[in-house]
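Undergrad: Here is my input, please return the structure:
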Amino acid sequence: MSNTKALVVGVSNYYIAGAGNLPFVKNDVIEMEEALCSGLKLNTDDIITLGKKEDVKKEEFINSILQISGLLNKDDNFIFYFSGHGAKIENQHYLVCSDNFISTQEIIIYFERVSAKGKIIFLDCCYSGNFSVDETPVFSIEETVNDFVGRGYAVFSSSSSTQLSYRHPDKQISIFTSFLCSALKDSHIIRQGKVSLYDIQKLVRLYLEVWNKKNPDKQQHPIFRSNMGGTIYFEVKEYVPFYTTRIYEEYDKYIIYTVEPLHIGLTKRYAVKTILKEPFSLEEIGEISLEITKIIKHAEVYNNEITKERLSGKSANIIWNYFGRDESDIVKNNYICVTTWVDDSQDKKWWYRIDNKDTFFINGVHYKIFPYYELIRTYYKENTGSKNDLILETKKILASVISLAQKVIHFFNEYNNRVLTEEDFLKKMDYLIPEINKYVVESQNLNIPPDEIRDWSQACADLIGTIYDFTLFYNRKYLSQRTLENRKSCMEMAIKQYLLDLEKVRSLEEKL
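TA: Have a look, this model is predicted:
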């Protein structure tokens, strides 16, 4: 099981010419330690803190680095936080201890090499954006998505390479640290009991964007750079998912394979997927449909607690019965026909409408047949690939397209960092777009997956589709269709979805 450990450093007192004391920094240390414990659920035993007594000498700093390094395991996450003076000497950035300087880039390089899987570095000091990060991560076909996601390091600094970092005017704490601690403890960015580094840095950016508009004389533009695959997720809250009741019932003539809730508002609706055990006429299917309707009418199947509380104990208003010949039909959503039943509270004229030759009534049962059922069934059989071949081919595509996606994210971060102009970013995308499109086309030419890996294969297809979305917003062909703000917003939403899709592939990959 992975764990998170942290080194928190704040330097208040200085004995170096030209470096004034920063008495509020000891509060940064206290606030950061508390935010890590209450927000990210770190244990106090997993945090080494320097600076509560205001002095932090270089030797003590280095010893603490060596100490924390010895505690880290290969599956751990590690957080390093520094608050104090930052200095530029011959265009290199240095963290300033009470009695000496230490190279920021050397610290980053050192932490890159420690055994923890994921490393996060927070820098709250002047000129702290003056650092570099190694190449973007490359996803290899030999590794799993689980190995890739969260591996590497990310650096998030309080200001650009030319800007100062300030104390909050209303608090005895740094501006950046104040916003960072707020983001770490913000419950609104928790999803399914987890919070991501991506959402934390995005929220801090938002806070500083508002700050900069209100304080034009004290601008701070944070810098975020990473060579990490995907992002890091911290489990911060016990999460008990809502489990949908599974109905599977076998009868002499048919199997109710699943009952899916499609409730909307106060209307209770079910889609029933049924396997017919032998060939039946449409009249016989109608009789089976009426039997199933009686069985399912009082079912209690829900997708969430709110709907359950609203509709529990209520009879169904609409039931659709889908009929297939075997489990493969159900998995592939290929059906002989669907019957519809509605109660007297519904608009029967609408739900029982006859709008083409494939829709009709027999003995009072409303049918819609799917005329291409047999052709689709044959097509699936003839074009379904082997499990092992399809996994290998999909992984080859993923290895390339995920690596390209990480490059897009890297350049987009540099655009947000104001290192690249929009034109610079467009030039990068001019090269990346055709490369991504090539692998998207390859993915569309893959064979149909066998049922046993269908969910994983679909998750991979969704991920590739989201990466394709990256090519739409900073594409010269469509540039005039969006405003600058809309382009940024759409790209950020696509990146967010990419991280979620990557996480879904990771979880399904374990079941292969």
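
Undergrad: Domain-wise, how is this structure divided?
TA: 4-235, 249-381, 384-509 (automatic domain parsing).

Undergrad: quick one: the helices in the stretch 201-350 of the chain?
TA: Using DSSP state H, counting those that start in this stretch, the helices assigned to the stretch 201-350 of the chain run over residues 282-296, 305-311, 327-332, 348-351.

Undergrad: contact partners of the third one?
TA: Contacts to helix 327-332, defined as CB atoms under 8 Å, 6 or more residues apart in numbering, come from residues 257-258, 273, 275, 322, 324, 335, 376-377, 380, 451, 454. In this view, the C-beta of every residue, glycine as well, is placed from N, C-alpha and C.

Undergrad: One more: the longest one?
TA: With CB under 8 Å, 6+ apart as the contact definition, helix 282-296 has outside contacts at 247, 249, 251, 253-254, 256, 259, 270, 272, 274, 276, 280, 316, 319, 321, 323, 336-337, 339, 341, 362-363, 365, 367, 369.

Undergrad: Would you mind listing the buried residues in it?
TA: Using 16 or more other CB atoms under 10 Å as the test for burial, helix 282-296 gives 282, 285-286, 288-289, 292-293, 296.

Undergrad: likewise the last one?
TA: Neighbour counts using 16+ other CB under 10 Å place no residue of helix 348-351 among the buried ones.

Undergrad: Which strands or helices does that helix pack on?
TA: strand 337-342 (3 or more CB pairs under 8 Å, 6 or more residues apart in numbering; DSSP states H and E).

Undergrad: what lines up beside the strand it packs on in the sheet?
TA: Using DSSP bridges, the strands paired with strand 337-342 are strand 318-324 (antiparallel), strand 365-369 (antiparallel).

Undergrad: Need the winner for burial among the domains of the chain.
TA: A comparison of the domains of the chain by mean neighbour count, using mean count of other CB atoms under 10 Å, puts domain 4-235 on top with a mean of 19.

Undergrad: mean confidence score for it?
TA: Throughout domain 4-235, pLDDT has a mean value of 95.

Undergrad: Quick one: end-to-end distance for that domain.
TA: 10 Å (CA to CA, to the nearest Å).

Undergrad: what number of residues lie near Tyr239?
TA: 11 (other CB atoms under 10 Å).

Undergrad: Now do the SS call for Lys5.
TA: strand (DSSP: H, G, I helix; E, B strand; the rest coil).

Undergrad: That one: what's it in contact with?
TA: Here Lys5 is in contact with 42, 46-47, 68, 71-72, 76-79, 116 (CB under 8 Å, 6+ apart).

Undergrad: need the strands for the stretch 151-300 of the chain, in chain order.
TA: 152-157, 194-196, 223-226, 233-235, 249-250, 254-261, 269-276 (DSSP state E, counting those that start in this stretch).

Undergrad: rewinding a little: can I get the contacts of Lys5 in a markdown table including secondary structure and distance to Phe179?
TA: Below are the contacts of Lys5 laid out as a markdown table (DSSP: H, G, I helix; E, B strand; the rest coil; distance: CB to CB, whole Å):
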| residue | secondary structure | distance to Phe179 |
| --- | --- | --- |
| Leu42 | coil | 19 |
| Asp46 | helix | 24 |
| Ile47 | strand | 20 |
| Ile68 | helix | 25 |
| Leu71 | helix | 29 |
| Leu72 | coil | 27 |
| Asp76 | coil | 26 |
| Asn77 | strand | 21 |
| Phe78 | strand | 22 |
| Ile79 | strand | 16 |
| Ala116 | coil | 25 |
